[in-house]
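In: Here is a sequence together with a model predicted from it:
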Amino acid sequence: MTILPNIEEAMEDARNGKLSPYWQNDLYRECHRQKLSDEEQQALSELERILSETPQWSSEEELHHDMANIGGRVWYCHYWEEHYSMVQLTEDRNGRFNTAYVLDRNTSPEMRREAALLAQKELAECMQKWGITLLDAPVPEQMKYDSLAEAASLLMQVLNDPEHITG
């Protein structure tokens, strides 16, 4: 299966300065999983040239932009550049809260724990600013949450066990 269309789409985003590090890493992982054709290799080289010449937005900027476009809001996000991990808490235009998280399974258990602890520390600081506290009872995992406290508590709960977060 060719990944040329993915590389070409990435080139277009990169020309516009909108290929975030998260998606750059995702594409490079995809490219390294298979043998590239000469055409794909040439396109990848062109993408690398574009990236070296054109500043790109950050993964956080991309998420804020995407959420604003759909009438939502980013409450918390952290993307790691040194590995394929991220944690985010967003609110959709209907006032429902969403969580997303990935800790790179190709990193050491220690690095996963460090990433989870950093996210918990940052999220705890945010929760304090927002004036919310952790819920006492475990929060079941679901697609959307009715309250910011419920969504943030779920993230804190999940981050307590980084070895079971895959990605």
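Out: Perfect, thanks for sending it. Given the structure is predicted, the values throughout are model-derived calculations rather than measurements.
In: Now do the helix ranked longest in the chain: distance to the chain's middle.
Out: Counting by DSSP state H, the longest helix found in the chain is helix 109-130. In terms of C-alpha atoms, centre = their mean, to the nearest Å, the gap separating the centre of helix 109-130 from the centre of its chain is 15 Å.
In: Quick check: next helix or strand after it?
Out: Once helix 109-130 ends, the next helix or strand along the chain (criterion: DSSP states H and E) is helix 148-159.
In: So which other helices or strands are in contact with the helix or strand of the chain with the lowest mean pLDDT?
Out: Sorted by mean pLDDT, DSSP states H and E, the helices and strands of the chain end with helix 21-32, the least confident at a mean of 87. Secondary-structure packing of helix 21-32 (3 or more C-beta pairs under 8 Å, 6 or more residues apart in numbering; DSSP states H and E): helix 4-15, helix 38-53, helix 59-69. All C-beta spots, glycine's among them, are computed from the backbone N, C-alpha and C.
In: Report the distance from the second one to the chain centre.
Out: Okay, so that is helix 38-53. Centroid separation for helix 38-53 versus its chain: 24 Å, with C-alpha atoms, centre = their mean.
In: Output it as CSV - backbone C-alpha positions only.
Out: The C-alpha trace of helix 38-53 is given here as CSV (Å, rounded to 0.1, in the frame of the first residue of the first chain):
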residue,chain,number,x,y,z
ASP,A,38,11.5,5.8,-5.1
GLU,A,39,8.6,8.2,-5.6
GLU,A,40,7.7,8.1,-1.9
GLN,A,41,11.3,8.6,-0.9
GLN,A,42,11.6,11.6,-3.2
ALA,A,43,8.4,13.0,-1.8
LEU,A,44,9.6,12.5,1.7
SER,A,45,12.9,14.3,0.9
GLU,A,46,10.8,17.2,-0.5
LEU,A,47,8.8,17.2,2.7
GLU,A,48,12.0,17.4,4.8
ARG,A,49,13.2,20.3,2.7
ILE,A,50,9.9,22.2,3.2
LEU,A,51,10.0,21.5,6.9
SER,A,52,13.6,22.8,7.1
GLU,A,53,12.5,26.1,5.4
